[in-house]
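A.B. asks: What would the 3D arrangement of this be:
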Amino acid sequence: MEIHGANGYLPHQFLAEGTNSRTDQYGGSPENRARFLIEVTTAVAAAVGGERVGVRLSTTQENLTGLLEDGPADLVAVGRAFIASPDLAQ
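C.D. replies: Numbers count the residues shown, from 1 in each chain. Down below sits the predicted model:
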């Protein structure tokens, strides 16, 4: 199963600083913005098995349906926060 974290889908909207203006635990820092995708990925892996789950991320700036990226450095920081999550290591 592939979780789509790119191209303007809901997980991507949480990842992108330009669209995520939340002030709770899902907004602000790259780690917080990656939290939603981490939780979705963890839940899907628990349901179908981690070996059957993939996540699509975009490494390019996009302007899809008003979704604005702040730049490559921010994209890398959010991607690293997602990949480095200890919740995904299980």
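A.B. asks: In stretch 25-33, which residues are buried?
C.D. replies: Buried residues in stretch 25-33, counted by 16 or more other CB atoms under 10 Å: 30-33. C-beta: built from backbone N, CA, C; applies to glycine.
A.B. asks: Just the mean pLDDT for it, thanks.
C.D. replies: When pLDDT is averaged over stretch 25-33, the result is 96.
A.B. asks: start to end distance for that stretch?
C.D. replies: End-to-end distance of stretch 25-33: 8 Å, with CA to CA, to the nearest Å as the criterion.
A.B. asks: any idea how far it is from the chain center?
C.D. replies: Averaging C-alpha positions (CA atoms, centre = their mean, to the nearest Å) puts stretch 25-33 10 Å from its chain's average.
A.B. asks: What of stretch 48-59?
C.D. replies: Centroid separation for stretch 48-59 versus its chain: 11 Å, with CA atoms, centre = their mean.
A.B. asks: Would you indicate which residues of it are buried?
C.D. replies: 53, 55, 57-58.
A.B. asks: out of those residues, who's nearest residue 9?
C.D. replies: For the buried residues of stretch 48-59, the closest approach to residue 9 (CB to CB) belongs to residue 58, at 10.0 Å.
A.B. asks: could the buried residues of stretch 25-33 go into TSV alongside distance to residue 18 and secondary structure?
C.D. replies: Rendered in TSV, the data for those read as follows (distance: CB to CB, whole Å; DSSP: H, G, I helix; E, B strand; the rest coil):
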residue	distance to residue 18	secondary structure
30	13	helix
31	17	helix
32	15	helix
33	11	helix
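A.B. asks: want to try a markdown table for the buried residues of stretch 48-59, with distance to residue 44 as columns?
C.D. replies: Listed next are these as a markdown table, based on distance: CB to CB, whole Å:
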| residue | distance to residue 44 |
| --- | --- |
| 53 | 5 |
| 55 | 9 |
| 57 | 15 |
| 58 | 19 |
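A.B. asks: Among those residues, which one sits closest to residue 85?
C.D. replies: The closest of the buried residues of stretch 48-59, once distances to residue 85 are taken by CB to CB, is residue 55, at 11.2 Å.
A.B. asks: quick one, strands of this protein?
C.D. replies: Using DSSP state E, the strands found in the chain span residues 2-5, 54-57, 63-64, 67-68.
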